[in-house]
Each structure stands twice: as structure tokens, then as C-alpha cells.
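In: Whatever this is, show me its structure:
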Amino acid sequence: MTIYYLDSSAIVKRYVDEPGSSWVRQICDTVDTESGEKVNYITIGEIAVTEVASAFAILVRRDLISKRSGEHAYEKFIGEFKDEYGLITVTSDLLLS
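Out: Sure, this is the predicted structure:
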């Protein structure tokens, strides 16, 4: 199993079509053909929850996605949050190591 850390900009690509979305979705959604289990473990920082919500709101405000699409993307992210992502606390020690 490969472990990936996704920042908020990468997480947004999973829920909104942008350059790089296919790559992020492939990393997040690839399953082992025999076991059916995910082959990658996706980690995100605690702050990503707030940053992703903000990113969706910015995309709506800039008319890059519809309000409905932004709401749907956020709801899907929150719905998948506990099962799809490992949550890590990003501390200054972690950043400097």
C-alpha cells in the first residue's frame, strides 16, 4: 500500500473537474482486483476540512462552478471524509522534520 498526503488543492480536484482531477481520482479510487480493497492510503491535514470548504465557496463565487455543484461537492467530501481519508495533525515539528 502506498501512502499519499493530499493538500486541499488536490482534494478539490477529486470533487471538481480541473486539470489533474483524473490523476487524483485514480490515486484515491484504485482498488485491488482480487480483494476489492483500496491500494492507496490517503492522508489529509486537519486544516484541509476548512480549506476545502473555502475552496468550493471561492469556485462558486468566481462562477467557475454552480452553487449547486459546490454544495454537492462539499456534501460528497464530508460524506466520504471519515472513510476515505486518514486525518493527521500537521505540527511545526512535522513540517520541519
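In: Start from the N-terminal end of the protein and give the strands.
Out: 2-5, 40-45, 86-88 (DSSP state E).
In: Let me know which of the ones you listed is tucked in deepest.
Out: Most buried of the strands of the chain, by mean neighbour count (mean count of other C-beta atoms under 10 Å): strand 40-45, with a mean of 17. Every residue, glycine included, has its C-beta placed from N, CA and C.
In: Name the residues of the longest helix along the chain that are buried.
Out: Across the chain, the longest stretch assigned as helix under DSSP state H is helix 67-84. Within helix 67-84, the residues that count as buried by 16 or more other C-beta atoms under 10 Å are Ser69, Gly70, Ala73, Tyr74, Phe77, Glu84.
In: What does the pLDDT read for the third one?
Out: Right, the one you point to is Ala73. If you check Ala73, the pLDDT there is 97.
In: I figured it hits Phe56, correct?
Out: Yes: between Ala73 and Phe56 there is a contact under C-beta atoms under 8 Å: 5.4 Å.
In: which neighbours do the two share?
Out: When contacts are counted by C-beta atoms under 8 Å, 6 or more residues apart in numbering, Ala73 and Phe56 have Val12, Tyr15, Val16, Ile65 as shared neighbours.
In: coming back round to it: output the strands of the chain in TSV, with mean pLDDT and distance to Ser21 appended to each entry.
Out: Below are these laid out as TSV (pLDDT from 0 to 100; distance: least, C-beta to C-beta, whole Å):
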stretch	mean pLDDT	distance to Ser21
strand 2-5	94	15
strand 40-45	95	15
strand 86-88	91	21
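In: Cool, thanks, talk later.
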